[in-house]
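[1] here is my input; please provide its structure:
(chains A and B, ligands or ions: 1)
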Amino acid sequence: MAVKNNMASTLFEKLWDLHVISPLGEGAALLYIDRIFLHERTGAIALKGLAEKQRPLRHPQSIFCTIDHIVDTLPGRTDDTLMEGGKAFIQSTRTSAHAAGVTLFDIGDERQGIVHVISPEQGIVLPGLTLICPDSHTCTQGAFGALAWGVGSTEAEHAMATSTLKLEKPKAMQISFRGQLAAGVTAKDMILHLIGKYTAAGASGYAVEFCGEAVSNLNMEGRMTLCNMAVEFGAFTGIIAPDEKTFDYLEGRPYAPKGGLWQKALKDWQGLNSDEKAVFDKKISLEAKDIQPMITWGTSPGQAMAIGAQVPQPSAMTDHYRRAAATKALAYMNINPGQNITDLAIDGAFIGSCTNSRLSDLRKAAGVLKGRKVAAGVKAICVPGSSSVKRQAEAEGLDQIFKDAGFEWRESGCSMCFYAGGESFGFQERVVTSTNRNFESRQGPEVRSHLASPETVAASAVMGRIAGMKELNHGTL
Amino acid sequence: MEPFKKLAAVSLPLLRINVDTDCIIPSREMKKVSKTGLGEGLFAGWRYTGTSGRRINPEFILNDAKYKDAQILLSGMNFGCGSSREHAVWALAEYGFRAILAPSFGGIFYNNCICNGLLPVVLPEGDIALLAEWIIANPAENQLVIDLEKQIVSGPEVIAFHFDIFPQDKEMLLRGFDMIDMTLKRQDEITAFEERDKKLRAWAIPHRE
Ligand code: SF4
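    Coordinates of the predicted model:
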């Protein structure tokens, strides 16, 4: 590949340079876009916009679309959804996708699922590619050494019509997790720890590269969890240099290159990492062993704490804005400053979303739930991230473990990760959730969402209150 | 797109940090495959009380008569973080906002603003606080002037603040250009890139077996 090797570069710079069509001055450039993914929530409108202006798509074979956001996840689903007007989104997407010649992973297709889960499953994202989607968690796919980021619908239209996007070059940040994680600590805890420490705007204006022993040790699914929440850290995107695990994961996937092309790709991908002498605009280094199982207490992913700790006191915060935000968040969450977070009883437990609903997440949660029961009064739901994850989980008998414990077992989709006016948790209910956003009313009207790993969600569901594995196992892991 | 050159307007201080796009336009307010009909849902969770219906929340600043003609929004860091939904920008624009001043923005939101003629202005937290204080203290003179050509925000009694913006973005806003039209003028460069790239990265072309 045309990676400049006369100067030490970061992985981000290499990906950037590979895709520059024309520099536009002051660090901006017109970049080539290799893949575009759409979903019915924001993609339908982009396809419609292009059709109305009668603009052809430059490379329909590079554009993929799924139905994940609005579609019901209840068994026996059809185009009808509980969201008012939702059916129109689904049907408009289908009609537009067919008319435009775009590959659609429709309801009932065995490949259907949440966009950021199925793109890797199908081998659509690859190292060294640019991939955009009108969805902020597109950064998930940076785990494969691709430059993947979320855009708006207008930018998606632009990318479909021209196979390019104009971009101002973000700065490069390196985040290294040194050493090994303690037992029971997951990728979700790593990212919540990071955002909790450096705030939800800590990486504003940066593309972040995750590295270090604890990152290399993660499997691809854990790496996706880490990159998924880069956007919650304010980052343009997250990336991880591809390695043997990446290549093993992708080999043989439906859209991955085959034969000679695969060999050529492998050779090119070897160079996709930051040179030893590469200069980053900012570096953060964290000791993996210091990270504990985490939970959020507020309405921003940055308002996170270790499960064993006490809820912070806004009065102790010196910054006026952060104090005001914390006070408002605690009032919304109905939590007292300084209280034990583990004293909070919960109404709901949700395992799902592009953050944590892949097979390894479900295996870990099932490991916690095996032989146990969800506490009385807790509505517990598990939504596999893709139809393929669901099938594999069922083949392993995980569905039975979830159901025996008292979890609902659903069809794949975004489901109650976000509230679109259809199904949701109840008014002001408290929910422990494996998703990525604890924003106000994200999971239903005034719902109080606490973000955590699937293990913590499962443990909390059993205990009927916020609890990590330690609490569940009386002090041991 | 309507060009943005100079704006003199009332501003509304919503000094909260991390105002996410779910708050700007809740998902439940996006009922149609459409870019319009969103203004009424702007900040719905804060603007109205109760779980459904449209009971006005008198405590929320958008419902304060003083700010009814506001076209400039002042806010805290990380404004527009979260979901990529462009509906947040469409809702703000439809309501009547033409510029947002904040110490930092969610990246996708920022680009969405540029695509829709809504001017995002990055100013330090202290400068925004100063502007907000002054507006609150002098409601009768609540008028800020934003000159995009000169990249300056000013009010009658306060010093003027310079702001930075990428030349391409400025150009698009000033002229009200459509981004796709601008790029399509570069067809040849795109085709040349593709020709080169086909040889370098033959594996990058999607091909299903
Ligand atoms: S699972 Fe949630 S965060 Fe992920 S794409 Fe769907 S709605 Fe967005």
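[2] pLDDT score for the residue nearest to A:G308 when sequence neighbours are not counted?
    What sits nearest to A:G308 in space, not counting adjacent residues and going by CB to CB, 6 or more residues apart in numbering or on different chains, is A:Q292, at 6.7 Å. Backbone N, C-alpha and C define where each C-beta goes, glycine included. For A:Q292, the pLDDT comes out at 97.
[3] A:Q292 reaches A:K188, doesn't it?
    No - counting by CB atoms under 8 Å, A:K188 is not a contact partner of A:Q292; they are 12.0 Å apart.
[4] spit out the contact partners of the residue lying closest to A:W16 once chain neighbours are set aside.
    Counting by CB to CB, 6+ apart, A:K169 is the residue found nearest to A:W16 once chain neighbours are left out, at 6.4 Å. For A:K169, the contacting residues are A:W16, A:G27, A:A28, A:A29, by CB atoms under 8 Å, 6 or more residues apart in numbering or on different chains.
[5] measure the second one to B:F177 for me?
    When you say that, I think you mean A:G27. 20 Å (CB to CB, to the nearest Å).
[6] repeat for B:A44
    With CB to CB as the criterion, B:A44 and B:F177 are 32 Å apart.
[7] neighbour count: the two, which is higher?
    Taking neighbours as other CB atoms under 10 Å in any protein chain shown, B:A44 and B:F177 compare with B:A44 leading, 18 against 15.
[8] thinking that one is in contact with B:P26, fair?
    Yes - between B:A44 and B:P26 a contact is recorded at 5.2 Å, counting by CB under 8 Å.
[9] coming back round to it: and A:Q292 and A:K188? which has more neighbours close in?
    Using other CB under 10 Å as the criterion, A:Q292 and A:K188 rank with A:K188 on top: 27 against 20.
[10] in contact with the residue nearest to that one when sequence neighbours are not counted, which residues?
    Excluding the flanking residues, the one nearest A:K188 by CB to CB, 6+ apart is A:S453, at 4.0 Å. Taking CB under 8 Å, 6+ apart, we find A:S453 in contact with A:T186, A:A187, A:K188, A:D189, A:P293, A:M294, A:N356, A:K364, A:S434.
[11] quick check on the last one: phi, psi?
    Backbone torsions for A:S434, taken as degrees, to the nearest 10, come to phi -90, psi 20.
[12] show the pLDDT at the closest residue to the ligand within chain B.
    Proximity to the ligand, evaluated over chain B using CB to the nearest ligand atom, is greatest for B:S83 at 7.1 Å. On pLDDT, B:S83 comes in at 93.
[13] what's the separation between the residue most central in space within chain B and B:A70?
    Centroid check for chain B by CA atoms, centre = their mean gives B:C113 as the closest residue, at 4.2 Å. Distance of B:C113 to B:A70, computed by CB to CB: 17 Å.
[14] where do the strands of chain B begin and end?
    Counting by DSSP state E, chain B has strands at residues B:6-9, B:11-14, B:48-49, B:55-56, B:72-75, B:99-102, B:119-122, B:144-147, B:152-154, B:161-162.
[15] okay if I get the ones you listed as a markdown table plus distance to A:W409, mean pLDDT and mean neighbour count?
    A markdown table is the format used below for the strands of chain B (distance: least, CB to CB, whole Å; pLDDT from 0 to 100; neighbours: other CB atoms under 10 Å in any protein chain shown):
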| stretch | distance to A:W409 | mean pLDDT | mean neighbour count |
| --- | --- | --- | --- |
| strand B:6-9 | 53 | 96 | 14 |
| strand B:11-14 | 42 | 97 | 23 |
| strand B:48-49 | 36 | 91 | 16 |
| strand B:55-56 | 38 | 92 | 10 |
| strand B:72-75 | 42 | 98 | 24 |
| strand B:99-102 | 43 | 98 | 25 |
| strand B:119-122 | 44 | 98 | 21 |
| strand B:144-147 | 54 | 96 | 19 |
| strand B:152-154 | 54 | 95 | 19 |
| strand B:161-162 | 56 | 96 | 16 |
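[16] and the ones you listed as a markdown table, adding distance to A:F427?
    Putting these into a markdown table (distance: least, CB to CB, whole Å) gives the following:
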| stretch | distance to A:F427 |
| --- | --- |
| strand B:6-9 | 37 |
| strand B:11-14 | 25 |
| strand B:48-49 | 13 |
| strand B:55-56 | 15 |
| strand B:72-75 | 27 |
| strand B:99-102 | 31 |
| strand B:119-122 | 34 |
| strand B:144-147 | 39 |
| strand B:152-154 | 41 |
| strand B:161-162 | 43 |
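[17] let me know the secondary structure of A:F210.
    strand (DSSP: H, G, I helix; E, B strand; the rest coil).
[18] surely it meets A:A235?
    No - applying CB under 8 Å as the test, A:F210 and A:A235 come out as separate, 10.2 Å apart.
[19] now do the residue nearest to A:K188, the pLDDT please.
    98.
[20] torsion angles phi and psi at it?
    Per degrees, to the nearest 10, the backbone of A:S453 is at phi -70, psi 160.
[21] contact partners of stretch B:138-147?
    B:5-11, B:66-67, B:72, B:99, B:119, B:121, B:131, B:135, B:152-157.
[22] for the strand or helix carrying A:Q91, give the mean pLDDT please.
    Element membership of A:Q91 [criterion: DSSP states H and E] is helix A:86-100. Mean pLDDT, computed over helix A:86-100, is 95.
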